[in-house]
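K.L.:
Quick check, what structure comes out for this input:
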Amino acid sequence: MTAQQMGRDAKRHARKATRNPVFRISARAGFVASGLVQVLVGVIAIEIALHHSKASADQSGALGDLAHAPGGPVVLWIVTIGSFALALWLVVSGALATGKDTRSEWGHRIRDWGKGVVYLAIGFTALTFARGGTSSSTHSTQKGSADLLRLPGGPVLLGIVGLGVVVLGVFLIHRGIAKKFVESIRVPSGTAGRATVALGQVGYAARGIAIGVVGVLFVVAAFTADPQKASGLDGALKTFAALPFGAVLLVIIGLGWIGSGVYTVLRARLAILD
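P.N.:
Predicted coordinates:
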């Protein structure tokens, strides 16, 4: 059997696996899990704006709050399994991606694999809390930045990472404003469809703004050689709170994250997994 034939067989088996009903249900559960985390991040952001919370406004803070809620550990295991399943589906989907040309094909692959890494991170964080442990994404981000800064050319590398995150933020904002996300879902008709699209637009824009600020903080950390500046999503959202009228901005962004979470939960049913 030639390498080309082996590649075709591998893709055929992968497609068969992704069409398995159990696999698809698990992947859709991953969207629900992600939506829940986004809603919790939005709620924490609003609480911080109103000075009612000291929790981290990121996935570790959201999952930490969930761990202490009634029935939280059970939900955390569902988040863990769903996130891992969705990450696996995205990795396989990326491997099977096709496009009009090679550039388009690899664009789809990089996008799916990037999302897969994000859901994998959510899964591992949820698993840590589900097993009774604790996690701090802010601490992990700062430690990773410090390790990078110690490398030869570390500040340049960290600056490149920051610029990459800024580009991701801009991409999310554009994806929301231009309604690019509707290509990956089955949009309902009528009012339900319009509401779904509106939630998607607001959600992508809010997430893009917050993630863009995360990238800016990475760039600042690179220029100042201070890893404490790279504080991740929690630091980015708290940066808004420190601005004039920052509380209002943070409430708006928090509402945007809640809208994004609701859209992502809806996406669990509407996503095209073919």
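
K.L.:
ok, Leu243 - how many residues close by?
P.N.:
11 (other C-beta atoms under 10 Å). (Glycine included, C-beta is placed from N, CA and C.)

K.L.:
tell me the secondary structure for it?
P.N.:
Counting by DSSP: H, G, I helix; E, B strand; the rest coil, the backbone at Leu243 sits in coil.

K.L.:
And it, how far from Leu249?
P.N.:
According to C-beta to C-beta, to the nearest Å, Leu243 stands 6 Å off from Leu249.

K.L.:
which residues are common contacts for those two?
P.N.:
Shared contacts of Leu243 and Leu249 (C-beta atoms under 8 Å, 6 or more residues apart in numbering): none.

K.L.:
hang on, Val197 packs against Val182?
P.N.:
Yes. Counting by C-beta atoms under 8 Å, Val182 is a contact partner of Val197 at 6.3 Å.

K.L.:
neighbour count winner among the two?
P.N.:
Under the neighbour definition other C-beta under 10 Å, Val197 and Val182 were set side by side, and Val197 has more, 18 against 15.

K.L.:
tell me which element the more buried one falls in.
P.N.:
Here Val197, judged by DSSP states H and E, is contained in helix 190-224.

K.L.:
Tell me which other helices or strands that helix touches.
P.N.:
Applying 3 or more C-beta pairs under 8 Å, 6 or more residues apart in numbering; DSSP states H and E, we find helix 190-224 packed against helix 137-149, helix 154-177, helix 232-241, helix 246-270.

K.L.:
How about residues contacting the second one?
P.N.:
If I follow you right, that is helix 154-177. 145, 148-149, 151, 180-181, 200-205, 207-223, 225, 230.

K.L.:
Would you list the buried entries among those?
P.N.:
Listed as buried from the contacts of helix 154-177 are 145, 148-149, 181, 200-205, 207-219, 221-222, 230; burial here means 16 or more other C-beta atoms under 10 Å.

K.L.:
low pLDDT regions in the stretch 151-274 of the chain?
P.N.:
272-274 (pLDDT under 70).

K.L.:
re earlier: quick one: the helix holding Val197 to helix 154-177, angle?
P.N.:
Per axes from the mean of the first three to the mean of the last three C-alpha atoms, to 10 degrees, the angle that helix 190-224 makes with helix 154-177 is 170 degrees.

K.L.:
Okay, angle between helix 190-224 and helix 246-270 too, please.
P.N.:
Using the same axes, to 10 degrees: helix 190-224 against helix 246-270 is 130 degrees.

K.L.:
which stretches of the stretch 1-150 of the chain aren't confidently modelled?
P.N.:
1-20, 22-23, 52-58, 97-101, 104, 134-139.

K.L.:
quick one: the helices in the stretch 1-150 of the chain?
P.N.:
Along the stretch 1-150 of the chain, the segments classed as helices by DSSP state H, counting those that start in this stretch run 3-18, 21-49, 59-67, 72-95, 102-130, 137-149.
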